[in-house]
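Asker: curious how this folds, go ahead:
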Amino acid sequence: MHNVDNRELIEGCRRNDRSAQRALYDTFAPMMFPVCLRYIGNETEAEDVLIEAFVTVFTHIGDVEKAGSLQSWIYSIVVNASLQHLRKMKKQPQMESFEENIATLPSDGPEEDLHAQWEAQDVMRVIEKMPENWRVIFNMHAIDDFSFKEISEKTGMNHNTVRVYYQRARAWALEQLSKIGKEQ
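Answerer: Numbers count the residues shown, from 1 in each chain. The predicted model follows:
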């Protein structure tokens, strides 16, 4: 379940102890900010979303026991807060028809093994440059390991559109990363 330090933090937060809330925030915010940034793509907005997520954490701290791991519980709240923010800001990707997407779907040809050349910061820069609808889906599937069905349910997008956007984002990312690899 939770280690002793986490249990003490949880209990302190349940009592609205500001020092426990600060300690919880200081412990987990540095791990969760990059998650927000991957979804939102803008540091200022990502900071706002992170704060909103931690308000939710503190409001619902009693639910953490049902979730298991404190870190994974906070992580899911941060992902959901990021998705909610995108919906609120009406940045939800516009739906295209499935037939239109299929017509322009990139083929899955053999890929060069450039992974060894890619630095994490290069990958993050490429993800940040993706169109928002691709970035959200790419993050959810490739990084956060959501299934296409789960992504479809969370975003309200058609399951097939989610697959197409992911494939486009992946192909585009590989193209961008291969350009970076050739420059180095």
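
Asker: which residue ranges form the strands in this protein?
Answerer: Assigned by DSSP state E, the strands in the chain number zero.

Asker: shaky segments in it?
Answerer: Across the chain, the ranges flagged by pLDDT under 70 are 1-4, 67, 90-118, 181-184.

Asker: tell me how it divides into domains.
Answerer: Here the domain assignment for the chain is 4-88, 98-183, based on automatic domain parsing.

Asker: what sits closest to C36 if chain neighbours are left out?
Answerer: In space, and not counting its chain neighbours, C36 is closest to A46: 3.9 Å by C-beta to C-beta, 6 or more residues apart in numbering. Quick note: C-beta positions are derived from backbone N, CA and C, even for glycine.

Asker: the one you found touches E52, doesn't it?
Answerer: No: between A46 and E52 there is no contact under C-beta atoms under 8 Å: 10.7 Å.

Asker: compare the two (neighbour count), which wins?
Answerer: Neighbours per residue (other C-beta atoms under 10 Å) separate A46 from E52, with A46 holding more: 22 against 17.

Asker: pull out the buried residues from the helix of greatest length in the chain.
Answerer: Assignment by DSSP state H gives helix 159-183 as the longest helix of the chain. By neighbour count with 16 or more other C-beta atoms under 10 Å, helix 159-183 contains the buried residues 161-174, 176-177, 180.

Asker: and what of stretch 32-44?
Answerer: Result for stretch 32-44 [16+ other C-beta under 10 Å]: buried residues 32-33, 35-41.

Asker: show me which of those residues is closest to I127.
Answerer: Sorting the buried residues of stretch 32-44 by how near they are to I127, with C-beta to C-beta, puts R38 at the top with 6.2 Å.

Asker: list the contacts for that closest one?
Answerer: 124, 127-128, 135, 139, 143 (C-beta atoms under 8 Å, 6 or more residues apart in numbering).
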